[in-house]
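**Student:** could you look at this predicted model? Sequence included:
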Amino acid sequence: MSYILDALKKAERERGLGKIPSLDSTYPPLFTPPAEYSRWLLFAGIGVIGLISASLVWHGMKTSPVIDAQTTVNMPVVRLPTDTPSPLAQQAQVSLLTKTIPTAQPSPPVVYNPLPSVAPKPETATLPALSEIPAYLQQKLPALTINAHVYATEAQQRFVLINGRRYREGMSIQEGMTVESIRSNDVVINYQQKRFRLSVR
């Protein structure tokens, strides 16, 4: 059956010799290794695998520890007679043990003293809001709008966007006006030694 199929393929190839090749055209392989070449390749592969396995076995035998056969001598087991203590001796030992153990002292009761709650600093708790400062100061100030407020436990990570500009604690907004501190709900501004707060909400 394969002879017939091969003959049909060969006849089809001969018919297509004069035609222009297309994408569907089949071509014979350019290089077919001779049977001798593949046979040598097989023997070389088997030889390499054999050499690797032989070197592994030789290396394993070289590094494995040599166990010397030791002669074992069977010695008879000699049991020594055990003295069983008399009941009077046992009672004396028990009474000695009970006398030497001191009685445990009761530990003093643990008293829980909760830490007093930390009250906010009176000076920051009583800071006026921007709308509560005197009118003459409000007229001198530019319009202050908080665009973004980021509060973190570490001061280096806190920042605030006021009027679209980013400020950290201690930075100057304008001459005479600085961001004194950024708190969780507001920002403390110092303007000409007068402190007030800008609420976030």
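**Tutor:** Yep, it's here.
**Student:** rest of the way, CA atoms for contacts and neighbours
**Tutor:** Fine.
**Student:** look up which residues are beta-bridged to residue 167.
**Tutor:** Beta bridges link residue 167 to residue 160, judged by DSSP bridges.
**Student:** which intervals of this structure have sub-threshold pLDDT?
**Tutor:** Low-confidence segments of the chain (pLDDT under 70): 16, 18, 21, 28, 33-35, 62-125.
**Student:** longest helix in it, please.
**Tutor:** helix 35-63 (DSSP state H).
**Student:** which elements pack onto that one?
**Tutor:** The helices and strands touching helix 35-63, judged by 3 or more Cα pairs under 8 Å, 6 or more residues apart in numbering; DSSP states H and E, number zero.
**Student:** got the buried residues for it?
**Tutor:** For helix 35-63, the neighbour count (16 or more other Cα atoms under 10 Å) marks no residue as buried.
**Student:** what of stretch 176-193?
**Tutor:** Residues of stretch 176-193 classed as buried: 177-183, 186-191 (neighbour count, 16+ other Cα under 10 Å).
**Student:** what separates the first and last residues of that stretch, distance-wise?
**Tutor:** End-to-end distance for stretch 176-193: 8 Å, by Cα to Cα, to the nearest Å.
**Student:** likewise stretch 173-190?
**Tutor:** The straight-line separation of the ends of stretch 173-190 (Cα to Cα) is 10 Å.
**Student:** ok, now how distant is residue 169 from residue 61?
**Tutor:** Plainly put, residue 169 is 73 Å away from residue 61 if you go by Cα to Cα.
**Student:** my error: substitute residue 163 in the last question.
**Tutor:** Going from residue 163 to residue 61 by Cα to Cα gives 81 Å.
**Student:** cool, and residue 166?
**Tutor:** Using Cα to Cα, residue 166 is found at 73 Å from residue 61.
**Student:** can I get whichever strand or helix holds residue 136 in CSV? Just the C-alpha atoms.
**Tutor:** Taking DSSP states H and E as the criterion, the element that holds residue 136 is helix 135-140. Extracted in CSV, the C-alpha atoms of helix 135-140 (Å, rounded to 0.1, in the frame of the first residue of the first chain):
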residue,chain,number,x,y,z
ALA,A,135,-10.7,90.4,60.6
TYR,A,136,-7.6,92.5,60.0
LEU,A,137,-5.5,89.2,59.7
GLN,A,138,-8.1,87.6,57.4
GLN,A,139,-7.8,90.6,55.0
LYS,A,140,-4.0,90.2,54.9
